[in-house]
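J.: Next comes the sequence, and after it the predicted model I'd like to discuss.
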Protein chains: 2
Amino acid sequence: MPDIQNALAAADRALDQGLDRLFEFLRIPSISADPAYEADCRRAADWAAAALRDIGFDASPRKTIGHPMVVGHRRSGRAGAPHVLFYGHYDVQPPDPLELWTSPPFEPQRVAGPNGDVIVARGASDDKGQVMTFIEACRALIETQGGLPVDVTVLLEGEEESSSKSLVPFLTENREELKADFGLICDTDMFDAQTPAVTTMLRGIVYEEVSIRAAAMDLHSGMYGGAAQNPIRVLARILAGLHDEQGRITLAGFYDGVEELPPAVKREWEALGFDGAAFLGAVGLKVPAGEAGRSVMEQITVRPTCDVNGIVGGYTGDGAKTVIPAVASAKVSFRLVGSQDPVAVQAAFRRFVTERLPADCEATFLSHGNSPAIVVPSDSEPLRKARAALAEEWGRTAPVIGAGGSIPVVGELQRILGIDSLLIGFALEDDRIHSPNEKYDVRSFHKGVRSWIRILDALGR
Amino acid sequence: MPDIQNALAAADRALDQGLDRLFEFLRIPSISADPAYEADCRRAADWAAAALRDIGFDASPRKTIGHPMVVGHRRSGRAGAPHVLFYGHYDVQPPDPLELWTSPPFEPQRVAGPNGDVIVARGASDDKGQVMTFIEACRALIETQGGLPVDVTVLLEGEEESSSKSLVPFLTENREELKADFGLICDTDMFDAQTPAVTTMLRGIVYEEVSIRAAAMDLHSGMYGGAAQNPIRVLARILAGLHDEQGRITLAGFYDGVEELPPAVKREWEALGFDGAAFLGAVGLKVPAGEAGRSVMEQITVRPTCDVNGIVGGYTGDGAKTVIPAVASAKVSFRLVGSQDPVAVQAAFRRFVTERLPADCEATFLSHGNSPAIVVPSDSEPLRKARAALAEEWGRTAPVIGAGGSIPVVGELQRILGIDSLLIGFALEDDRIHSPNEKYDVRSFHKGVRSWIRILDALGR
């Protein structure tokens, strides 16, 4: 079994070339949501397939019902070596509003930042920069060791930022080809700039739109005010009842399937000393508004939540209008954890609303999402190996953490391919993903490459 | 003192000619809110002044900072006769949406309706038809009696449907010329199609816009959900607290100055048998939503109310967006009665909100109106005479009633000229004022003219 020091040294030497390759990738405006960029999405897929072929992968873009998928294989040639499926995406968010960028979003720049140089471009962090940490790691291993320590299949999606409409059909149709022992997904954050992490918990979501209707038409509040039911008042009262004084959600059975963190994880988290005050302070807040007695880190990752994401009713223009509207509506979402059942939560919410409707009111509902939380084992052998490899590279323990939002592909890999994934990424909270001036630290990129070298090596042992 | 039967008979004979004159008036599109109709507003003022001169008034349109006022005088020549100031307005609401009219809004039609013929045109009821009941009554009295039983000053406004911006300066500058013993205002409804009424209570209004801000920017609910304060949730909770379980408003001191109906009025109202169920049923409602233990008639006229007229926050477009907004806002209005102090109500509302703000939230307020209720004496001598005259014409008692909305001129006449008003009108709830196919019953017009003949005669005795 060769020493990996040569591979790490090769990665260090190749840093500038690796950045050049990443910049080429970033120059392609592969905006999947906008049909005007369809050819650019194809070009990005071609570019990624060529980059994989360049390091000896059998790789090609594949037709789908939407933008192409890129699939590449390279066997290790070692009997009994595990087979990993690496997932990333080559598409990016639209760059609007353009006027807020300090440089054009598809002309990547390396600029000095307060914590070292950063790469500024749309996709620098989400997800082209992260994808390239893995490909450059493979390159360094192949160059110095003549091959990879594990069998690798790479799957790059081109619709992660839009609909992911091709994902399920593509995984289903190519189940045999994509079979592997487990997934590696590079689309998540570190714990903080100094501390790598493996994400094992992803919150699910139930997203409901509710409209409450009272009178048959808008009414004049001078004429009807006092006697006519006001749906805004009804809606406000219902929404106000969704949380109790302790910040807990009051839906019947809502906490079924919500489990406490394993004590070992909890201890690890306490030792990390996550700075909840700084996290909130960065957006102008001071006091955690969630469940009493829970740390900010718990509140945003492993506790379920309820937020009103939008509300509208009556007159909302300038000035005054004395209207009692016929209808008022709200968009309400629940973040789910553990084994909370989205169907049960949806039903409990709808029941909660309808049970509280006064006379003359009726509610209609629209579902905008219903997906369970995803939890991957936090004590598997690959996970232990990956954590040890990360700890070696970064000089500190890599905790298992939860993420507040969902990454649907993790669930689809479980469901369709029957495999769990390790979610390891080097993005930072301040990367401004989906916003103007998205960036990726050069350090994230460089140490990300080195981390994957160590992880792949560890997984092959 | 001449018998009024001749005047009434003259009014009956002149009905068709009176309608012809009204139709001329209605053909002038005096839309005060739209600068494109400025010349038409001038034309309507000229027309009304000419109509008054035609029956011997010393009348002319007067320049103001906006559309002209029309002022006309005709003395009775009787020593000691009371002096009345009649107020109405010649401007009308815009007719949009035009496509919902069954005939062009400024081409008045006399058509058969389920309860007799109606006049269909913009302004038929509000307020040209009502104004013409008074002018035609004067005409019949003058023709048959050679003069009027009381001194009459007529004041017609041209901005009631837009800003009324000239009203206060004009009343102030012409205080001496407009002096009278009391006002007569013809811009209100009957109690129902069979029952005339005198309106003595008009609710005031406090209209507030409140915005609640939490984080410095919109946040992603996947990343911050659970820890970040959500201003929609805060706003909903505050709005939900404005009413108690009995439908009473919970602001401190809110009911100060709210008085019970005088027992005599209450008895009168009970005898009227106002059909609250039919009133609500017409707009698709069944159950009064206001203060428990109050009749619909009380709820909509003599009880104070609170309504949320508009609310907005977060994402309100189609589909879903997982945002925790930085700000949410609502427009909240209070209808005031009796001697409730609008300044105190406004202050109590603002205190109510700010006292309930959790950490990290701040509220800003914008005032869109602050006017007290107006109550005119319900037992003055002119009022008794007018009620008796109405009862004679319609064959049933004319109750004193309250109106849910405000008519600011009543307060300005009190404040600037120092006079109370009798509010007597012949409009009906189904007149569709401010809406397509506005109408005025021919019966309202005809019996309105006859009513004013009787009232003027009674006031002169």
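T.: Cool, the structure landed.
J.: how about A:L184, what does it touch?
T.: A:V84, A:L85, A:F86, A:Y87, A:F134, A:S421, A:L422, A:I424, A:I455 (Cβ atoms under 8 Å, 6 or more residues apart in numbering or on different chains). C-beta coordinates here come from the backbone N, C-alpha and C atoms, glycine included.
J.: which residues touch the residue of the stretch 351-461 of chain A found nearest chain B?
T.: Ranking the residues of the stretch 351-461 of chain A by distance to chain B (Cβ to the nearest Cβ) places A:G405 first, at 2.5 Å. Going by Cβ under 8 Å, 6+ apart, A:G405 touches A:L202, A:R203, B:H220, B:G222, B:M223, B:T322.
J.: Reformat those as TSV; add neighbour count.
T.: Formatted as TSV, the contacts of A:G405 follow (neighbours: other Cβ atoms under 10 Å in any protein chain shown):
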residue	neighbour count
A:L202	27
A:R203	30
B:H220	17
B:G222	23
B:M223	21
B:T322	24
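J.: Nearest to A:A277 among those?
T.: A:A277 has its nearest neighbour among the contacts of A:G405 in B:M223, at 16.3 Å by Cβ to Cβ.
J.: can you give me the helices for the stretch 301-450 of chain A?
T.: Taking DSSP state H, counting those that start in this stretch as the criterion, the stretch 301-450 of chain A carries its helices at A:342-355, A:381-394, A:408-412, A:442-459.
J.: which of these sits most buried?
T.: helix A:442-459 (a mean of 24; mean count of other Cβ atoms under 10 Å in any protein chain shown).
J.: does the closest residue to chain B within the stretch 151-300 of chain A belong to a helix or a strand, and which?
T.: Nearest residue of the stretch 151-300 of chain A to chain B: A:G222, at 2.5 Å (Cβ to the nearest Cβ). Per DSSP states H and E: A:G222 is located in helix A:221-224.
J.: what's downstream of that helix, the next helix or strand?
T.: helix A:231-240.
J.: That following helix vs helix A:342-355, what angle?
T.: Counting by axes from the mean of the first three to the mean of the last three Cα atoms, to 10 degrees, helix A:231-240 lies at 130 degrees to helix A:342-355.
J.: Give me the mean pLDDT for helix A:231-240.
T.: For helix A:231-240, mean pLDDT is 98.
J.: Pull out the CA atoms of that helix and give them to me as PDB.
T.: Below are the C-alpha coordinates for helix A:231-240, written out as PDB (Å, rounded to 0.1, in the frame of the first residue of the first chain):
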ATOM      1  CA  PRO A 231     -60.100  36.000   7.400                       C
ATOM      2  CA  ILE A 232     -56.900  37.800   8.200                       C
ATOM      3  CA  ARG A 233     -57.900  37.800  11.900                       C
ATOM      4  CA  VAL A 234     -58.800  34.100  11.600                       C
ATOM      5  CA  LEU A 235     -55.500  33.300   9.900                       C
ATOM      6  CA  ALA A 236     -53.500  35.300  12.400                       C
ATOM      7  CA  ARG A 237     -55.100  33.500  15.300                       C
ATOM      8  CA  ILE A 238     -54.400  30.100  13.800                       C
ATOM      9  CA  LEU A 239     -50.800  30.900  12.900                       C
ATOM     10  CA  ALA A 240     -50.300  32.400  16.400                       C
END
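J.: residue boundaries of the helices in the stretch 151-300 of chain A?
T.: All helices of the stretch 151-300 of chain A, identified by DSSP H, counting those that start in this stretch, fall at A:167-173, A:175-178, A:221-224, A:231-240, A:263-272, A:276-281, A:296-301.
J.: remind me which residues of the stretch 1-150 of chain A are low pLDDT?
T.: Along the stretch 1-150 of chain A, segments meeting pLDDT under 70 span A:1-2.
J.: ok so, going back, among the contacts of A:L184, which ones are in strands?
T.: A:V84, A:L85, A:F86, A:Y87, A:S421, A:L422 (DSSP state E).
J.: Next, name the residue at the spatial heart of chain A.
T.: Per Cα atoms, centre = their mean, the C-alpha nearest to the average position across chain A is that of A:I407, at 4.6 Å.
J.: Could you find the closest non-adjacent residue to it?
T.: Using Cβ to Cβ, 6 or more residues apart in numbering or on different chains and skipping the chain neighbours, the partner closest in space to A:I407 is A:L202 (5.6 Å).
J.: And that neighbour, how far from A:V302?
T.: 10 Å (Cβ to Cβ, to the nearest Å).
J.: got it, and A:A252?
T.: Distance, A:A252 to A:V302, using Cβ to Cβ: 22 Å.
J.: now do A:G222
T.: 51 Å.
J.: Could you do A:M217 as well?
T.: 47 Å.
J.: So for those two, which sits in the more crowded spot?
T.: A:V302 (27 against 11; other Cβ atoms under 10 Å in any protein chain shown).
J.: Touching, that one and A:V337? I think so.
T.: Yes. Using Cβ atoms under 8 Å, A:V302 is in contact with A:V337, at 5.5 Å.
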